[in-house]
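**Student:** show me the folded form of this:
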Amino acid sequence: MTYIGGSRGPPPPSGRGEPPRLVLFDVDDTLYDHTHATRHAITALRQRFPALRSFEPDPLVDAYQRELAAVHPRVVRGELTPEAARAERFRRFLTSHGLPARPADVAAASEVARAGYRQAERAVPGTEALLRALRGRVRLGILSNNVRSTQVAKLETLGIRDFFDPLVTSEDLPWGKPDPRAFRRAVRLGHATPATTVMVGDSWSDDVEGAIRAGVTAVWLDRSGERRTLPAGVRRLGSWRPTDRAAAAILRPRGAARPNRS
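**Tutor:** Okay, here's the model as predicted:
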């Protein structure tokens, strides 16, 4: 889908005034701070491979994220195992920076980066407080484009697995986000309707556009401050803090006016 906002595109979802009953969360860079962990992984790689020190860290992070974005859809489609995908993206990463990509080099890069990543695991700041503020007021679920075991392990590491039911990953479905069928399946499993469901995520294409296509309200976590025109009904948050403001934005009934800020 190429709709990004403006005068053309699908109308906002129907169901004005209905409070949400189900809030679906993405995992990576929504609950689990993937970007933070990736920066630590790149730091570990620069220590292991001196040739990478001629590149600044931020461009290396961006390059790795591009390789991840290029290869990961093949995991979602079932074409690659997570292990094969990891080897492929490190092969591409090393090659694109002029380093040898022999099997031993790829294996070493994968292990070094994985260790650095795991050592830096953390939640997106404010996550647990937000979940505690929402729990009991609305049902919480997960809709993630990844392997179930990987995402469950991340949630367990953060100590937040028990907040979520249903937990739906692309491994469980014939399709992943932004296919509206993925959203509709998660909505059914959460015993809700599209009109009473909110999707919260950081990905514009997967979480926001996918939610719009499924008739689900979208809340976009935009920690980078990206400039983008929001379609009607889409809510933007730059952080989970302060907790009360983030929770209010997520729980606001569909079609309700945005409260004034003092």
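**Student:** contacts, neighbours, all on C-alpha from now
**Tutor:** Fine.
**Student:** measure Ala108 to Phe49 for me?
**Tutor:** 10 Å (C-alpha to C-alpha, to the nearest Å).
**Student:** what do you get for Arg241?
**Tutor:** 38 Å.
**Student:** now do Met199
**Tutor:** Taken as C-alpha to C-alpha, the span from Met199 to Phe49 is 40 Å.
**Student:** those two: which has the busier surroundings?
**Tutor:** Taking Met199 and Phe49 together and counting by other C-alpha atoms under 10 Å, Met199 has the greater number of neighbours (26 against 15).
**Student:** close enough to count as contact, that one and Arg21?
**Tutor:** No: using C-alpha atoms under 8 Å, Met199 is not in contact with Arg21; the gap is 11.5 Å.
**Student:** which residues are in contact with the longest helix seen in the chain?
**Tutor:** Counting residues, the longest helix found in the chain (DSSP state H) is helix 57-76. With C-alpha atoms under 8 Å, 6 or more residues apart in numbering as the test, helix 57-76 has contacts from 38-39, 42-43, 80-82, 85, 88-89, 92-93, 145-147, 170-171, 175-176.
**Student:** I figured His97 hits Pro50, correct?
**Tutor:** No: contact criterion C-alpha under 8 Å: His97 and Pro50 do not qualify, at 11.8 Å.
**Student:** the more surrounded of the two?
**Tutor:** In this view His97 and Pro50 are compared by other C-alpha under 10 Å, and His97 has more residues nearby, 14 against 10.
**Student:** what about the more buried one, distance to Thr193?
**Tutor:** Look at His97 and Thr193: by C-alpha to C-alpha, they are 48 Å apart.
**Student:** what is the burial count for Arg227?
**Tutor:** Counted with other C-alpha under 10 Å, residues neighbouring Arg227 total 7.
**Student:** so it, which of the three states?
**Tutor:** With DSSP: H, G, I helix; E, B strand; the rest coil as the basis, the three-state label of Arg227 is coil.
**Student:** you'd agree Val27 is up against Ser144?
**Tutor:** Yes: the pair Val27 and Ser144 qualifies as a contact (C-alpha under 8 Å) at a distance of 6.1 Å.
**Student:** find residues that contact each of those two.
**Tutor:** Each of Gln151 lies in contact with both Val27 and Ser144 under the rule C-alpha under 8 Å, 6+ apart.
**Student:** residues near Ala47, how many?
**Tutor:** For residue 47 the amino acid is Gln, not Ala. By other C-alpha under 10 Å, 12 other residues sit near Gln47.
**Student:** so what's it closest to, chain neighbours aside?
**Tutor:** Spatial nearest neighbour of Gln47, excluding adjacent residues (C-alpha to C-alpha, 6 or more residues apart in numbering): Arg53 at 7.8 Å.
**Student:** per-residue pLDDT of the one you found, please?
**Tutor:** At Arg53, the pLDDT value in this model is 97.
**Student:** which phi and psi does it have?
**Tutor:** With angles defined as degrees, to the nearest 10, Arg53 sits at phi -70, psi -10.
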